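Enquirer: Attaching a predicted model along with its sequence, questions to come.
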Amino acid sequence: MKLKEVDRTAMQAWSPAEQHPIYLATGTSAQQLDATFSTSASLEIFELDLADPSLDMKSCATFSSSHRYHKLIWGPHSMTAGERVSGVLIAGGENGNVILYDPAKIIAGDTEVIIAQKDKHTGPVRALDVNMFQTNLVASGANESEIYIWDLNNFATPMTPGVKTQPLEDISCIAWNRQVQHILASASPSGRATVWDLRKNEPIIKVSDHNNRMHCSGLAWHPDVATQMVLASEDDRLPVIQMWDLRFASSPLRVLESHTRGILAIAWSMADSELLLSCGKDAKILCSNPNTGEVLYELPTNTQWCFDIQWCPRNPAVLSAASFDGRISVYSIMGGSTDGLRQKQVDQVLRSTQILPPLFLFLSKLSSSVVLPLKKPPKWIRRPVGASFSFGGKLVTFENAKPQQQPGIDQQQQRHYVYVSQVVTEKEFLVRSNQLQEAVQSEGFISYCQKKIDMAQADFEKNVWAFLKVNFEEDSRAKYLELLGYRKDDLRNKVNVPGSCACVKCFAADGCICQVQLIVKDNKQETEDLGSAKKTFNISVSGDVDGLITQALLTGNFESAVDLCLHDNRMADAIILAIAGGQELLSRTQEKYFVKMQSKITRLITAVVTKNWKEIVQSCDLQNWREALAAVLTYARPDEFAALCDLLGNRLESEGDSLLQTQACLCYICAGNVEKLVACWTKAQDGNSPLSLQDLIEKVVILRKAVQLTQAVDPNAVGALLAEKMSQYANLLAAQGSIAAALTFLPASTNQPNIVLLRDRLCRAQGELPVRQEAVKAPYDRQPMPKGRAGPVAGQMQGPQAPVQQYYQQGDNPPPPGFIMPGAVNPSAPQPAASSAYSMYSQSGARPAYPQMLMLFLLPQVPDNFMPPVPITSPIMTPLADPQSQMQQAPAPPAGAPSFQAPQLPAGQPALQGPYPPAPQPLGPCIVPPAVSKPSTEGAPGAPIGNAIQHVQALPTEKITKKPIPEEHLILKTTFEALIQRCLLSASDPQTKRKLDDANKRLECLYDKLREQTLSPTIISGLHNIVKSIETRNYMEGLNIHTHIVSTSNFSETSAFMPVLKVVLTQANKLGV
């Protein structure tokens, strides 16, 4: 798409890549005249402002020159970062002169802008180029094979690359190599190109087309490959671009034939070696891929030829083209809209002519056209580097660094590498997680808690770990009391030491009251002696309170006596008499006492006596939560202990005081309530950081282990909040690369979608299939059962059992194909009455009863690939008819026979008459899904109805054991299975995966032969050699060994597994695992 244009008949040169803003220098072109036939010449500098939507370029300066130019370049020599404009303009004149201009002085408007000039050449200077490694070196070419190397630091005396080539001819193109600084190439219109080595001062190779029709108009070196160059032909008979490789310069490496007429100029992008510009006499500007010859972009141009085309060094998407119609156009190969160009055309028409309003409206509403960009993205918009995190803390990075070109290696064969690294950002988190896992595995919970207590800095943290530690110690309630500050030994010492007791009167005349009580206790015998020494005592029956009490006691009226004592406030007498009066009286007396007596500890005494600890927990002041918890620890029964602790914790947690809220965690630890501990801790602590989550998980894991040891709970039961926290923790572990640890911490008994998805990702990251996928085959696996054990009773479900096929045949009227008879029953159980329906039971539970005429189309669909196990048991039929056939038995049927005849017994005779029941006899094409059925006396449709079929018990599935593979050959099984798993993970084609799954099953034949040790030593040795090749990833060597084994061994010995093994090796080689 066109961006800018300048109406000049001139040569052009872009400012160097280091220059900003971008400038375009133009110099009047030699051998060209405009419509005015003007002979004046000028040197102008324009600024490229892409923010301006108009097509006009801003002219920064104009310098009137006495020279016209065949070539103009802008070199980066003596560029400085501080200056706005720098470098040097180098012009090739028509009189053999090379002129150096200072662009900074031209823009500044100075008159002395020429740095130096020399006219050493013969004829016009048509070729100029700057060495990109040594920017002070400039090569120039003119007539009579003249090539000079100019040093801008010493411009007076140029050098020559060597002796002039013969015959003498014009130099039309010259170019420095882009990879090797001392290599220079020149070309002439005759089609011959010469490569010079400046270190040897001689040409080292000459390249020319054999048909001699190649008129060279352009020469360019490959930006990346040092030995490749392109030559463009101006001849209309051969409008081609030839790509040469100097390593085999006998003929062109590739020929581009996109133009229909001669090519006038070419330019190879330094930013992307797959972009080569060319313009020709067919008025086309094409951007091609020189490696493939494909045209990637055709610039929308007019019908005029372009004689010069150049890429912008700073903006690689911009290029300029000078055409013979006196215009320099600036284009972008990234596409865009042509609105600016159309608007300029409309403005020009409006300024030049008088237009009627309808035409004016038509021109104003011209629809915009969109120019498409390149067919492929150029390299400069590709990411030079890239990084992406993947699951499991893996960091995937790549770098599109420019590879070092090596001799003999094509650019297209250069390899790019993708790096996968493990990123660990939370090292302390991982260390603490590993410590927790070690403690769980070694069950060293007490030492782990003690270590946490020693490391804790906050008192609350120490208390939490101390409470957790108590769970693993004996007499945990007493230890809890000690942590709350209540030690029985300390209390006993306080009671025994004067001045240290908690009595109301600490000291009496003769010491502590408690001490007096102890003295009385010690002198109990002496007191009894003194009491017995008295001969008589008075029993008063007066009218006072004592007399009334005496009368009540004499008549046995304890209730009245207690009431009188309470009325007289003689509480001790009332309680003692109530004890003598029985439990009911004592209870009523206690209630009256508690109502009448109100003190600080009355409610506590009430709770102790009535054992109503819920009242204490619900009503106590929360500042005394420790005392309430201590009372619960001392008196609560085991069945109510956890609920009381939870109740106290709920009160603390709902309180507005943050300190009390955190103390609720201790109550939940005592209760063993993991879910509430998680909720309380999450609310009280900052759980955003990984270490905070680690703090919580440590406590949760330890508490769960303690609860599993002390309470009968399901170890896999996890609440919603705990499952969420464990999922977050597993995610963090996985992000640090600890996949296996994350899988162990992930809850296994929850069906939350995010946890199921995470488990799936973790399993696949470990190279394992998720459990739910492996369980698909479980219903068809044989489960071991002790020999002789009775089968399941009818109507009673057992655990998952192996499917037992039941095929019944009755007389001459067999059931139709697809009819299902009920399963095995217990012969020792009582026979139920006849039923009109069959109760079908699957392994997952009971299914509703179906009518006796149940046909195949009513049954659940059986998978096509379902293969029932080989039957172990057989029912015995006892039809009523044909009694002469009682002792007849059918001969053994051949394998694969469609039907079998069962032995028959007379009616009423027991079916099982031996220590073992006979083997099952399958009937026809019946396919029976695994089921445990109710017994039924109903026969098949058309069969005699009644007690014609005896209920039979199927022999339970026997345990099938295989010999172990010898230790020295076990590596064969592990290596082959691991290789198949790697292939399954890498394969994306479903057909390939099916092949590998089938191969994994069929290799069991090999493992069985290894168990039986029936393979020859030669085959076993070859298999071990295949394993060695697999370990070194050399699958071709493994296939060669495979071929040798097959060709030198007995076919019958290897035909069961060697073709399968070849499939596995071939797929592994194809997938590159």
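Expert: Cool, got the structure.
Enquirer: For A387, list the residues it contacts.
Expert: Contact partners of A387, counting by C-beta atoms under 8 Å, 6 or more residues apart in numbering, are L395, V396, T397. Backbone N, C-alpha and C define where each C-beta goes, glycine included.
Enquirer: pLDDT score for the last one?
Expert: Each residue has a pLDDT score; the one for T397 is 92.
Enquirer: In a strand, it, correct?
Expert: Yes - according to DSSP: H, G, I helix; E, B strand; the rest coil, T397 belongs to a strand.
Enquirer: Let's have the contacts of A387 in CSV, adding neighbour count and distance to K451.
Expert: Listed next are those as CSV, based on neighbours: other C-beta atoms under 10 Å; distance: C-beta to C-beta, whole Å:
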residue, neighbour count, distance to K451
L395, 13, 34
V396, 13, 38
T397, 13, 39
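Enquirer: which one of the residues you listed is nearest M1058?
Expert: Taking C-beta to C-beta as the measure, M1058 lies nearest V396 of these, at 39.0 Å.
Enquirer: unless I'm mixing things up, the closest one is touching Y417, no?
Expert: No - using C-beta atoms under 8 Å, V396 makes no contact with Y417, being 11.2 Å away.
Enquirer: Would you map the helices across the stretch 201-350 of the chain?
Expert: Using DSSP state H, counting those that start in this stretch, the helices of the stretch 201-350 of the chain run over 339-352.
Enquirer: Would you check that I579 makes contact with L586?
Expert: Yes - if you go by C-beta under 8 Å, I579 and L586 touch, sitting 5.7 Å apart.
Enquirer: who's more crowded, the two?
Expert: The neighbour comparison of I579 against L586 (other C-beta atoms under 10 Å) goes to L586, with 19 against 13.
Enquirer: can you tell me which residues contact the more buried one?
Expert: By C-beta under 8 Å, 6+ apart, the contact list for L586 reads I575, A578, I579.
Enquirer: Out of the contacts of A387, which is nearest to Q117?
Expert: For the contacts of A387, the closest approach to Q117 (C-beta to C-beta) belongs to T397, at 52.7 Å.
Enquirer: circling back to that earlier point, so which of the contacts of L586 are in helices?
Expert: I575, A578, I579 (DSSP state H).
Enquirer: okay, the nearest residue to the second one once chain neighbours are set aside: pLDDT?
Expert: So the one you mean is A578. Closest residue to A578 apart from its sequence neighbours, by C-beta to C-beta, 6 or more residues apart in numbering: T589 at 3.7 Å. At T589, the model reports a pLDDT of 76.
Enquirer: and Q752, backbone torsions?
Expert: Backbone geometry at Q752, expressed as degrees, to the nearest 10, gives phi -60, psi 130.
Enquirer: Same question for K394.
Expert: In terms of degrees, to the nearest 10, the main-chain angles of K394 are phi -80, psi 130.
Enquirer: before we move on, the earlier item: tabulate the contacts of L586 (JSON lines), appending pLDDT.
Expert: JSON lines is the format used below for these (pLDDT from 0 to 100):
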{"residue": "I575", "pLDDT": "78"}
{"residue": "A578", "pLDDT": "79"}
{"residue": "I579", "pLDDT": "81"}
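Enquirer: who touches stretch 729-740?
Expert: Contacts for stretch 729-740 (C-beta under 8 Å, 6+ apart): 391-394, 422-426, 429-430, 433, 690, 693-694, 697, 741-743, 745-746, 758, 761-762, 765-766.
Enquirer: E1037 reaches S1029, doesn't it?
Expert: Yes - using C-beta under 8 Å, E1037 and S1029 qualify as a contacting pair, with a distance of 4.3 Å.
Enquirer: and V420, what is it in contact with?
Expert: Counted by C-beta under 8 Å, 6+ apart, V420 has contacts S390, K394, L395, V396.
Enquirer: Now with 6 Å, please.
Expert: K394, V396 (C-beta atoms under 6 Å, 6 or more residues apart in numbering).
Enquirer: Repeat that for M214.
Expert: Neighbouring residues of M214 by C-beta under 6 Å, 6+ apart: G191, S233.
Enquirer: give me that answer again for 8 Å
Expert: Residues in contact with M214, defined by C-beta under 8 Å, 6+ apart, are G191, S208, L231, S233, D235, L238, Q242.
Enquirer: swap in K164?
Expert: Going by C-beta under 8 Å, 6+ apart, the list of residues near K164 reads E144, S145, E146, I147.
Enquirer: rerun that using 6 Å as the cut-off
Expert: Counting by C-beta under 6 Å, 6+ apart, K164 touches S145.
Enquirer: Assign a three-state SS to it, would you?
Expert: Put simply, K164 is coil when judged by three-state DSSP.
Enquirer: Show the subsequent helix or strand relative to the strand or helix carrying A175.
Expert: Assigned by DSSP states H and E, A175 falls within strand 173-176. Proceeding N to C from strand 173-176, the next assigned helix or strand is strand 183-187, under DSSP H and E.
Enquirer: Output the contacting helices and strands for the helix or strand following that next one.
Expert: Remark: after strand 183-187, the chain's next helix or strand is strand 193-197, criterion DSSP H and E. With contacts taken as 3 or more C-beta pairs under 6 Å, 6 or more residues apart in numbering; DSSP states H and E, strand 193-197 sits against strand 183-187, strand 202-207.
Enquirer: quick one, the last one and strand 193-197 angle?
Expert: To tie it back to what came earlier, the one meant is strand 202-207. 150 degrees (axes from the mean of the first three to the mean of the last three C-alpha atoms, to 10 degrees).
Enquirer: Quick one: list the elements packing against strand 202-207.
Expert: On a contact count with 3+ C-beta pairs under 6 Å, 6+ apart, strand 202-207 meets strand 193-197.
Enquirer: In its sheet, which strands sit next to the strand it packs on, and in what direction?
Expert: Strand 193-197 has the following strand partners under DSSP bridges: strand 183-187 (antiparallel), strand 202-207 (antiparallel).
Enquirer: tell me the mean pLDDT for it?
Expert: For strand 193-197, mean pLDDT is 94.
Enquirer: pull the CA atoms of it into CSV?
Expert: Taking C-alpha atoms only, strand 193-197 is exported to CSV below (Å, rounded to 0.1, in the frame of the first residue of the first chain):
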residue,chain,number,x,y,z
ALA,A,193,29.9,-11.5,-11.7
THR,A,194,33.2,-11.5,-9.9
VAL,A,195,33.8,-12.2,-6.3
TRP,A,196,36.9,-10.4,-4.8
ASP,A,197,38.9,-11.3,-1.7
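Enquirer: one step back: okay if I get the contacts of A387 as JSON lines plus distance to G326?
Expert: What follows is the contacts of A387, written out as JSON lines (distance: C-beta to C-beta, whole Å):
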{"residue": "L395", "distance to G326": "57"}
{"residue": "V396", "distance to G326": "54"}
{"residue": "T397", "distance to G326": "52"}
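Enquirer: and which of the residues you listed is nearest P223?
Expert: Taking C-beta to C-beta as the measure, P223 lies nearest T397 of the contacts of A387, at 25.7 Å.
Enquirer: ok, that closest one touching Y419?
Expert: Yes - between T397 and Y419 there is a contact at 4.8 Å, judged by C-beta atoms under 6 Å.
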